[in-house]
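J.: Following is a predicted model, sequence given first.
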Amino acid sequence: MAAIDHNDSGIPLARTLPPPSSSRARKNLQYLKENWLLFVLGGPGLIFILLFNYLPLMGNVIAFQDYSPRTLFASPWVGFRNFRLLTETPIARRLIVNTLGLNILFIAAETFCGVTLALFLNEVKGKYFRRIAQSFMFLPYFMGWTVVAMVLFGFIDYQVGTINAVLARLGMERVALTTQPAIWPLLLTLIRVWKNAGASCIIYLAALTSIDASLYEAAAVDGASRWQRMRFISLPALTGIVILLMLLAIGKIFYGDVGMIYALIGSQAQLYPTTDVIDTYLLRALQVNSNYGFSAAIGLLQSFLGLLCVFGSNWLAKKFSQRQGEEYGLF
Amino acid sequence: MIEKSNWGDRLLAFVSYVVVAGFAVMCIFPFWIMVVASLTNENSLTLNGYLPWTTDWSLSAYKWVLAGKEIQASYLASLARTVIGTTGSLLVMSGLAYMMAAKRFKWRGIVAMYTFFAIIFVPSIIPWFITTRNVLRLYDSLPALMLPMMVQPFWVFVLRNFFAQLPAELSDAAYIDGASDVTILFRIVLPLSGPVLATVGLFMAVTYWNDWFLPVMLIDRATQLRPLPVIILRMVNNMQAIAEAMKQPGTFVPLAQLPANAIRMATACVIIGPIVFVYPFVQRYFVKGLTMGSVKG
């Protein structure tokens, strides 16, 4: 107290305060002292994100290195050699085509089925029927992909699979689905719809239940049939959320669903031409201990394209939602 | 409401019921096959395949599955991972969410950005693997099955948003009365957050229970830590894996004697059992989570 000069008004004089930079540091230190418990509470979470998110991001440097397990991230630098190798093999092209192709199929099919289901479910009036149907519909969503892999085996296996068992019963010829890569994109899409359409239907249904009931009543008074009400009231009410969810899904279009595809395809190499995506390729690369630098280059390319897509689709989502007079989008 | 009942409207009602019922049956049908097949005598399965009905029932597959040493260990690993992991996730994530929601915390903008960028900048699998395994030395242990997925930024934001809309007067008053942040979080904020904790906890529990990625990547010598999804993944195409999973102490069973086809489905039933069992009670939290998760980045 004694060190602080006072003028007549009793307000401490500015010149008696320490220089600004150190004052700021001291203020921050004081602040930390008072609020250290906040850091105790939030700190672990911040550390987890640092260790499992930001640290691996920095590890992307190995795309520019000749990786060796002894030197880890300090391996010798090789510039863009890994990326040059990438352009010389046909593998990158196949992976990108498969990743994009499958994701486009998934997005289209899931959206279409989810919306159709929601529209029809909205027309179902029986309360119990509705509740039971809903519970059935999103049960598959909570099954792990490895269980789904077993279910798939149960259906398509050449010897005991249900499809072949029924075909054999009917005296028809068995089909060997695992040797026909051409039908697998379709098969995977079907499985995706089976697993996820019920869940996405819930989201659309939430949008439908928020529609003002007086709209439907007014339309009914004006003589609109139920088909017309569905077409001109329910469907337009969904466009916003459909476009938004699609854009967000497009933001992730360069990321293959490794949880699904690796579990379902595994090491059936005859199916790779149509089902191998970037992520499954990278996972296998880790298991066979092949050239990490080269694989990391594919991964970095994926991250880069993915990032462009995220920002692009988010920008579009924002533009679109502003036109609708609402505000969504991630950032 | 005026309902004019004409043919078109009746047709729509009919089509709605058929489409919804059809899809619902399609969703449940594979589970039906699974349950029936797991209860069918192996001879009938090898002869006829997995059919929706049988007359030749048998419980022997379940006897094998429940007695198998590896399956028991694996069940334990799955349970431990799910229970400890979910608890840990909720604790760590609510701590971080509380920090971001605290109005008097002056760096909360920075912390929110830091957490948010983790949603956009997803690490690529190869550097992730090298960091986790070779730098952090996290493998062949129970923590390896939990720590890498413990904090999910998306759910942190869900918790943050919930905490932020709680009446600020409560925590402010407690703070002025000298309560610490720990007290405020555990005595005031968390007890008021039942529904959101249930939703986040359920989704995390399902994630831990179903995940196969961490064990495939990080468990290789500690086979007793292989959780159920890995066991079943190995069983799909591999008879040897089935025999290993069914191994019982002190007995030798020739591969050919195992009811392998029934065991496959019985194992699947045993894995989804807990989910199906709690599902009716927690369904509304799942619905909540799905609608929240719709804008998940």
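T.: Structure received. All of these numbers come straight from a predicted model, not from anything done at the bench.
J.: any weak-confidence spans in the chain?
T.: Picking chain A for this. For chain A, applying pLDDT under 70 flags the ranges A:1-21, A:324-331.
J.: that's the wrong chain, I wanted chain B
T.: Ranges of chain B meeting pLDDT under 70: B:1-5, B:250-253, B:293-297.
J.: Find the residue at the geometric middle of chain B.
T.: residue B:206 (1.5 Å; CA atoms, centre = their mean).
J.: and it, what element?
T.: Here residue B:206, judged by DSSP states H and E, is contained in helix B:194-210.
J.: that older thread, identify the residues contacting the residue nearest to the centre of chain B.
T.: Applying CB atoms under 8 Å, 6 or more residues apart in numbering or on different chains to residue B:206 gives the contacts A:142, B:275. (C-beta placed from N, C-alpha, C; glycine too.)
J.: Residue B:267 contacts residue B:74, correct?
T.: No: taking CB atoms under 8 Å as the definition, residue B:267 is not a contact partner of residue B:74, at 9.7 Å.
J.: quick one, which of the two is more surrounded?
T.: Taking other CB atoms under 10 Å in any protein chain shown, residue B:267 and residue B:74 do not tie; residue B:267 has more neighbours (28 against 25).
J.: Could you see whether chain A lies near the strand or helix carrying that one?
T.: Secondary structure assigned from DSSP H and E places residue B:267 in helix B:260-293. Yes: using CB under 8 Å from any CB of the partner chain, helix B:260-293 comes into contact with chain A via B:261, B:264-265, B:267-268, B:271-272, B:275-276, B:279-280, B:283, B:286-287, B:290-291.
J.: Flag every buried residue along the helix holding residue B:206.
T.: Of all the residues in helix B:194-210, those buried under the rule 16 or more other CB atoms under 10 Å in any protein chain shown are B:196-210.
J.: Now flag whichever of those is closest to residue A:151.
T.: residue B:210 (13.5 Å; CB to CB).
J.: which ones are touching that closest one?
T.: Residues near residue B:210 by CB under 8 Å, 6+ apart: A:142, A:143, A:144, A:145, A:146, A:147, B:229.
J.: Got a ChimeraX select line for the buried ones in the residues you listed?
T.: Remark: buried members of those, expressed as a ChimeraX selection using 16+ other CB under 10 Å:
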select /A:142,143,144,145,146,147 /B:229
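J.: now the contacts of residue B:210 in JSON lines, with secondary structure and distance to residue A:214?
T.: Formatted as JSON lines, the contacts of residue B:210 follow (DSSP: H, G, I helix; E, B strand; the rest coil; distance: CB to CB, whole Å):
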{"residue": "A:142", "secondary structure": "helix", "distance to residue A:214": "37"}
{"residue": "A:143", "secondary structure": "coil", "distance to residue A:214": "40"}
{"residue": "A:144", "secondary structure": "coil", "distance to residue A:214": "44"}
{"residue": "A:145", "secondary structure": "helix", "distance to residue A:214": "44"}
{"residue": "A:146", "secondary structure": "helix", "distance to residue A:214": "48"}
{"residue": "A:147", "secondary structure": "helix", "distance to residue A:214": "45"}
{"residue": "B:229", "secondary structure": "helix", "distance to residue A:214": "49"}
